[in-house]
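*Asks:* model the structure of this input:
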Amino acid sequence: MKKLTYWCTSVIMFFMVLGGAQAQNNLNTFLPMVDWQGNPYRSASGAPGAEYWQNKADYILTANLDDKTHELKGHVTITYTNNSPDVLDFLWLQLGQNRFKKDARGAVNVALSGGRYTGDFDGGYKLSNIKVKAGSKVYIAKYVVSDTRMQIRLDEGLKPKGGKVTIDIDFQFKVPEYGMDRTGRLKTKNGVIYSMAQWYPRMCVYDDIKGWNTAPYLGAGEFYCEYGDYDVKLTVPYNHIVVASGELQNPKDVLTKEQIKRFAKAAKSDKTVAIISNKEINQPKTTRPKQSGTITWQFKMKNSRDVAWGSSTSFIWDAARINLPSGRKAMAQSVYPIESDGNSAWARSTEYTKKSIEHYSKMWFEYPYPVAVNVASNVGGMEYPGLSFCGWKATRGSLWGVTDHEFGHNWFPMIVGSNERLYPWMDEGFNTFINHYSTLAFNKGEYKSSALLGSSLLGGALRSPNAESIHTYPDIVRSSGSLGMTAYYKPAMGLYMLREAILGPERFDYAFRTYIKRWAYKHPTPIDFFNTIENAAGEELDWFWKKWFYTNETIDQGIKSVTYRKNDPKQGAIITLENKGGVVMPAILEIEEENGTKKIVNLSVEIWFKGNTFRYLHHSTGKIKRIQLDPQRVIYDVNTSNDIWTGK
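*Replies:* Residues are numbered from 1 along each chain as shown. Reported below is the predicted structural model:
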């Protein structure tokens, strides 16, 4: 009993001391964010574990587009492979087109509150002939549709570790004119441009984190998809041109001999080559191999999480070679109407696409797809594997910016397949970050990158009382402006500080490439990213993740005072720094002495271990004339008024 009493007293005294210490130091800031020990599926190092698994969904798709009624009728055959250790008694599918029903959850939510409103359009799927094939058994599926999801209840559980089932579905829908800025149709002088996305029923993801991911598609949150192989046949009116994710399989059926010849030239050219020129638009007698009826285009795509396509009679079409680090080649293509033509507009789209893909391939990870197609659209900017929709009115720097951003998404989330519905910052933020460097590199800075540098608007957004944390779900944020900050800019700013102020480019770039390589074609979570960066860079960063990503606290460093040891500048200067914000950061000082000596001093984040005031002993050689915190402005300090000290 005495031993127990002694132990209890010791514990109480320990916590009393700890409590007193907390009042004097920043222990809570520097404590680990989570106690993550890893498991067989996900390693504590941030890498996929030895038993990591994910399921696979292969698609055979056929579709017919009616450009008179704007309807699409199609059939999908999904072969679903259950690689999980679990028996699956039911399956969940995504029905993206159901978002365009008048009574959809998302439609009701934005009808009066703003956002991506679709007007009075009443669309959605009509589904029929839903069948399941398991082994030799084929049966009519038992299913339930709930908003943008469909559950299929299996007669027998799908076996784990390789069990397969095939689902067949007939579907049809009317193409919305404006489909949440992700899909739609644009009327132009020479015909309608169809931007086709979220156009087929597709599998929800079953993973080791949540099991089935069935969050409804409300509009702001994007997508989470399984990887698989695609075989797509698209039947359209004979005078349409079709571009799609993936490689065209039947060029002799859908292209003229001259167009095939031009493509061969483009495959060897770093300059843009016209496939259909602005003088050949809507001239089927010379540009189409058939003169009546319909024509079927076939495309294939391997190891992709989605496919999208565009179709129109109005397309100018051009292309150029993409040069990849391994020596492999891909093809950049652009299609756009005559209204978008011009050297300050879409005539440079293929150049932009090519340069963007080549930069990211060299900087981070090689582009895996055979094509990169940019489609001029009433969709302002939306990404799919190997294909993007960008605003048809965009010109100059705005066209470069949207093109570069949408094709940057091929790395996040097309290659690194994060859950956009829950963690948009893992694709939008990462992409906005890499866009900064690609813009600096493009034509040696033809379009200056200012999105992450020197913007008072960003500082104002950080200081706003309505600021929300990066971790806020996209459909919950207060407004589209808030989403821009939480999903795009603030996470990009965080990575920028991580690279430029905390780790340095060499350590950061290696760690970031490690993350991409580890999680290519897989499903990482935030903790996988955090742990990979920490392990590959060799830096404990919980203080940074915790504060920058999970709170709305800000950075405010300042210079409080400067004194000299024994009043003699030659014996050293004592520079007192303050941290007035909730987010701690390293301190970068530019110190200029009256004798002309100028030095940059980098103080690591540990200076704030013991509290929010730090006295730095600088080995000065003379009286200090001026000190500036963060002279290159790589830290997002919300109050720069206390960043400069002068000896006056």
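*Asks:* not counting residues beside it along the chain, what's closest to Val273?
*Replies:* Ala266 (3.9 Å; C-beta to C-beta, 6 or more residues apart in numbering). The C-beta positions use only the backbone N, C-alpha and C, and glycine is treated the same way.
*Asks:* ignore what I typed, I meant Phe30.
*Replies:* Counting by C-beta to C-beta, 6+ apart, the residue nearest Phe30 is Trp543, at 5.0 Å.
*Asks:* what's the neighbour count on the one you found?
*Replies:* By the criterion of other C-beta atoms under 10 Å, Trp543 has 22 neighbours.
*Asks:* what residues of the helix or strand encompassing Asn129 count as buried?
*Replies:* Using DSSP states H and E, Asn129 sits within strand 126-134. Buried residues in strand 126-134, defined by neighbour count with 16 or more other C-beta atoms under 10 Å: Leu127, Ile130, Val132, Ala134.
*Asks:* gap between the residue lying closest to the second one once chain neighbours are set aside and Leu93?
*Replies:* Nearest residue to Ile130, sequence neighbours excluded (C-beta to C-beta, 6+ apart): Ala141, at 4.3 Å. To Leu93, Ala141 is 10 Å away according to C-beta to C-beta, to the nearest Å.
*Asks:* and for Lys68?
*Replies:* Distance of Lys68 to Leu93, computed by C-beta to C-beta: 29 Å.
*Asks:* Ser195 reaches Asn374, doesn't it?
*Replies:* No: if you go by C-beta atoms under 8 Å, Ser195 and Asn374 don't touch, sitting 11.6 Å apart.
*Asks:* number of residues surrounding the residue nearest to Ile130?
*Replies:* So Ala141, with other C-beta under 10 Å, has 19 neighbours.
*Asks:* can you give me the strands for the stretch 151-300 of the chain?
*Replies:* Per DSSP state E, counting those that start in this stretch, the stretch 151-300 of the chain carries strands over the ranges 163-174, 178-179, 183-188, 191-196, 202-203, 206-207, 211-212, 228-237, 241-244, 247-248, 273-276, 294-304.
*Asks:* do you know which of these lies nearest Tyr52?
*Replies:* Smallest distance to Tyr52 across the strands of the stretch 151-300 of the chain (C-beta to C-beta): 10.2 Å, for strand 206-207.
*Asks:* just for the protein, where's the confidence low?
*Replies:* Low-confidence segments of the chain (pLDDT under 70): 1-24, 109-119, 450-451, 453-457.
*Asks:* what's near enough to touch the residue nearest to Tyr384 when sequence neighbours are not counted?
*Replies:* Of all residues not flanking Tyr384 in the chain, Ala308 sits nearest, at 3.7 Å (C-beta to C-beta, 6+ apart). Counting by C-beta atoms under 8 Å, 6 or more residues apart in numbering, Ala308 makes contact with Ser195, Met196, Ala197, Trp199, Ala244, Ser245, Tyr384, Pro385, Leu387, Phe389.
*Asks:* Ser620 too?
*Replies:* By C-beta under 8 Å, 6+ apart, Ser620 lies in contact with Tyr564, Pro569, Lys570, Gly572, Ala573, Ile591, Glu593.
*Asks:* what of Asp253?
*Replies:* If you count contacts by C-beta under 8 Å, 6+ apart, then Asp253 has Pro289, Ile295, Thr296, Trp297 around it.
*Asks:* how about those residues in a markdown table, adding neighbour count and distance to Arg153?
*Replies:* Shown next, in a markdown table, are the contacts of Asp253 (neighbours: other C-beta atoms under 10 Å; distance: C-beta to C-beta, whole Å):
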| residue | neighbour count | distance to Arg153 |
| --- | --- | --- |
| Pro289 | 15 | 46 |
| Ile295 | 20 | 39 |
| Thr296 | 15 | 34 |
| Trp297 | 23 | 36 |
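*Asks:* if we can go back for a sec, contact partners of the strand holding Asn129?
*Replies:* Contacts for strand 126-134 (C-beta under 8 Å, 6+ apart): 138-141, 143, 145, 150, 152, 154-156, 158, 165-173, 201.
*Asks:* in the stretch 451-600 of the chain, which spans are strands?
*Replies:* With strands called from DSSP E, counting those that start in this stretch, the stretch 451-600 of the chain shows them at 557-564, 573-579, 587-593, 598-603.
*Asks:* Arg513 is nearest to which of those?
*Replies:* Nearest to Arg513, of all these, is strand 598-603, at 23.8 Å by C-beta to C-beta.
*Asks:* okay, the next helix or strand after the closest one in PDB with CA atoms only?
*Replies:* For strand 598-603, the following helix or strand on the C-terminal side (DSSP H and E) is strand 613-618. The C-alpha trace of strand 613-618 is given here as PDB (Å, rounded to 0.1, in the frame of the first residue of the first chain):
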ATOM      1  CA  THR A 613      10.100  34.700 -27.200                       C
ATOM      2  CA  PHE A 614      13.600  33.800 -28.300                       C
ATOM      3  CA  ARG A 615      16.800  35.700 -27.600                       C
ATOM      4  CA  TYR A 616      19.300  35.000 -30.400                       C
ATOM      5  CA  LEU A 617      23.000  35.700 -29.900                       C
ATOM      6  CA  HIS A 618      24.400  37.000 -33.200                       C
END
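*Asks:* nearest residue to the middle of the chain?
*Replies:* Asp427 (2.0 Å; C-alpha atoms, centre = their mean).
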